[in-house]
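Student: Quick check, what structure comes out for this input:
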Amino acid sequence: YHCSKKYNPVCKQPYVTEKSLMEQFDQILGTLTIPQDFINWTLQRLREQNEQEIQNRDSINNNLQITLNSVTGRLNKFIAFFKAQGIENVSLIGREHLVKYQDAVMAENKSVLTKRDELMAIALFFKFLETYEYIKENPALVIDVPKKPFHLPRDILGEHEIAYLLRLPDQHDLIGVRDF
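Tutor: Residues are numbered from 1 along each chain as shown. Okay, here's the model as predicted:
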C-alpha cells in the first residue's frame, strides 16, 4: 500500500506492507474493550431473535403440514371418485370425466371457497403431470374454477350518514357539482 498523492503530489511516504498494516490494526483493536453490559444485552437480543425465528419456522411448518393434508385429502377424494367409475389410471381421465367431476363438486353443499380449492387442487395436479410429462395434454383446462367471492363491507355507513354526505357538496359551484 502507498500514498496515492491525491492530496500531496510530492508526498514522500514509503510503501507499507500488508503485514505492517495488520500489526497496526491488531495493536489498535487490542486497546478497545466492550463493556460487559453491552455484551449481555447483545446476547439476550440474539437469544430472543433466535427464539422468534424458531417460533416462525414452527408456525410455517405447521401451516405447510395443514396445507399438505388438505391437498392430499382433496386428491384422495378425486381418485376415489374415478375409482368408483372404474378408472384406475390418471392418464385415462379425459376432459369429459373432469367436467363430470366438476359438476359433482359444484353440486355439493359446500362454500364457494371450498369448491374452488377442491377444483384448484385438481387443476394444479394435472398441470404438474403435464409439466413433468406424465401426460401429454392437460385435460384439466376445461375446469372452470369459481372465482373467489368478493363481498362489500357491511354497515360502514348508515342511511343518515349517506344522506348527510350527499348534502355536503355545494351544487351552486362547479366543484360542488363535480363532487355531487
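Student: correct me, but Leu113 touches Lys147?
Tutor: No: applying CB atoms under 8 Å as the test, Leu113 and Lys147 come out as separate, 10.3 Å apart. All C-beta spots, glycine's among them, are computed from the backbone N, C-alpha and C.
Student: Those two: which has the busier surroundings?
Tutor: Legend: neighbour count by other CB atoms under 10 Å for Leu113 and Lys147, higher for Leu113 (11 against 8).
Student: Tell me the spatial nearest neighbour of that one, not counting adjacent residues.
Tutor: Distances taken as CB to CB, 6 or more residues apart in numbering place Lys148 nearest to Leu113, at 6.7 Å, with adjacent residues excluded.
Student: Same question for Pro139.
Tutor: Counting by CB to CB, 6+ apart, the residue nearest Pro139 is Arg95, at 4.6 Å.
Student: any idea which element the most centrally placed residue in the chain lies in?
Tutor: The centroid of the chain falls nearest to Ile60 when counting by CA atoms, centre = their mean (11.3 Å). Using DSSP states H and E, Ile60 maps to helix 36-83.
Student: export the following helix or strand past that helix as PDB, just CAs?
Tutor: Using DSSP H and E, the helix or strand that follows helix 36-83 in sequence is helix 95-107. Extracted C-alpha coordinates of helix 95-107, given in PDB (Å, rounded to 0.1, in the frame of the first residue of the first chain):
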ATOM      1  CA  ARG A  95     -62.000 -33.700 -20.300                       C
ATOM      2  CA  GLU A  96     -65.500 -35.200 -20.200                       C
ATOM      3  CA  HIS A  97     -64.600 -37.000 -17.000                       C
ATOM      4  CA  LEU A  98     -63.300 -33.800 -15.400                       C
ATOM      5  CA  VAL A  99     -66.500 -32.000 -16.400                       C
ATOM      6  CA  LYS A 100     -68.500 -34.700 -14.500                       C
ATOM      7  CA  TYR A 101     -66.200 -34.300 -11.500                       C
ATOM      8  CA  GLN A 102     -66.600 -30.500 -11.600                       C
ATOM      9  CA  ASP A 103     -70.400 -30.900 -11.800                       C
ATOM     10  CA  ALA A 104     -70.300 -33.200  -8.800                       C
ATOM     11  CA  VAL A 105     -68.100 -30.800  -6.800                       C
ATOM     12  CA  MET A 106     -70.300 -27.800  -7.700                       C
ATOM     13  CA  ALA A 107     -73.500 -29.800  -6.600                       C
END
